[in-house]
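K.L.:
Here's my sequence, what's the structure:
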Amino acid sequence: QVQLVESGGGLVQAGGSLRLSCAATGGTLSMYSMGWFRQAPGKERELAAAISWSGASTWYPDSLKGRFTISRDNAKNTVYLQMNSLRTEDTAVYYCAARNRPVLLGVYNYWGQGTQVTVSS
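P.N.:
Here you go, the predicted model:
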């Protein structure tokens, strides 16, 4: 069973950038579609980005297109989320998740513990 560990969260000023990493152990990441979710205080968890097993396909909600970029390095068993032009409303706990289906949208089976991202004004 794959285990996921996120890193790279922290405090950043509005307009800044952060890159989150998600390292996988106990499984081969290339077998999974991967997603980054986020949950802000008092809000439901939402999918921020997703990427196919090969990296050929990605998905973003319209609200994040152009600012967030998901990528993966299967040789390193790692997935990344590059976040640029950060806004205070991007403040949330960010979770990495894996899905053993090729379709990017749907139920994700494996989850990391989350990493806090705080954007200050």
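
K.L.:
Report the secondary structure state of the residue most central in space within the chain.
P.N.:
Centroid-nearest residue in the chain: residue 36, 2.3 Å away (criterion: Cα atoms, centre = their mean). Here residue 36 is strand, with the state taken from DSSP: H, G, I helix; E, B strand; the rest coil.

K.L.:
Make sure it is actually in contact with residue 70.
P.N.:
Yes - taking Cβ atoms under 8 Å as the definition, residue 36 is a contact partner of residue 70 at 6.2 Å. In short, each C-beta sits where N, CA and C put it, glycine included.

K.L.:
shared neighbours, the two?
P.N.:
Common neighbours of residue 36 and residue 70 (criterion: Cβ atoms under 8 Å, 6 or more residues apart in numbering): 49-50, 79, 81.

K.L.:
Could you identify which of the residues you listed has the most neighbours?
P.N.:
Among these, residue 79 has the most neighbours (other Cβ atoms under 10 Å), with 30 neighbours.

K.L.:
partner residues bridging that residue?
P.N.:
residue 22, residue 72 (DSSP bridges).

K.L.:
doesn't residue 32 make contact with it?
P.N.:
No - here residue 79 does not reach residue 32: they are 9.2 Å apart, not a contact under Cβ under 8 Å.

K.L.:
can you tell me which of the shared contacts of residue 36 and residue 70 are in strands?
P.N.:
Those of the shared contacts of residue 36 and residue 70 mapping onto strands are 49-50, 79, 81, per DSSP state E.

K.L.:
Now stretch 38-47: buried residues?
P.N.:
For stretch 38-47, the neighbour count (16 or more other Cβ atoms under 10 Å) marks 38, 47 as buried.

K.L.:
got the CA coordinates for it in PDB?
P.N.:
Extracted in PDB, the C-alpha atoms of stretch 38-47 (Å, rounded to 0.1, in the frame of the first residue of the first chain):
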ATOM      1  CA  ARG A  38      -6.800  21.600  -0.200                       C
ATOM      2  CA  GLN A  39      -9.000  22.400   2.700                       C
ATOM      3  CA  ALA A  40      -9.400  25.900   4.100                       C
ATOM      4  CA  PRO A  41     -10.800  26.500   7.500                       C
ATOM      5  CA  GLY A  42     -14.600  26.100   7.500                       C
ATOM      6  CA  LYS A  43     -14.600  24.900   3.900                       C
ATOM      7  CA  GLU A  44     -14.900  21.600   2.100                       C
ATOM      8  CA  ARG A  45     -11.900  19.900   0.700                       C
ATOM      9  CA  GLU A  46     -11.400  20.600  -3.000                       C
ATOM     10  CA  LEU A  47      -9.300  19.200  -5.700                       C
END
